[in-house]
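Colleague: sequence isn't available, so here's the structure alone:
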């Protein structure tokens, strides 16, 4: 169904991934429980907590999420592209399905 849409229930453990990343899809996300900070590659940041108002994440948004507590989120994702990127160690890495590196 990824060529049309996908729905996921995400669990963010307290803490963060070390890499900034984009996505293969645009997404609307509703935080159900917990609190996170989204930090963008350009240094901007914003906090999110449980709300009926969704967070829109465009696929080209390079960010990482820091969970202040264990956090749950319901997300509705649009059609998936074949690639997305991570930014780690001052280097962009292109990934495809299964998180395979395809540079």
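Modeller: Arrived safely, thanks for sending. As the structure is a computational prediction, the values presented were derived from the model and not from experiment.
Colleague: for the rest of this, base every contact and every neighbour count on C-alpha atoms.
Modeller: OK.
Colleague: each with direction, which strands does the helix or strand hosting residue 38 pair with?
Modeller: Using DSSP states H and E, residue 38 sits within strand 35-40. Using DSSP bridges, the strands paired with strand 35-40 are strand 45-49 (antiparallel), strand 63-67 (antiparallel).
Colleague: contacting residues around that strand?
Modeller: 20, 45-50, 61-71 (CA atoms under 8 Å, 6 or more residues apart in numbering).
Colleague: what's the answer for stretch 50-58, then?
Modeller: Residues from elsewhere that reach stretch 50-58, judged by CA under 8 Å, 6+ apart: 23, 25-35.
Colleague: pull out the buried residues from that stretch.
Modeller: 50, 54, 57-58 (16 or more other CA atoms under 10 Å).
Colleague: residue 52: what secondary structure?
Modeller: Three-state assignment for residue 52 (DSSP: H, G, I helix; E, B strand; the rest coil): coil.
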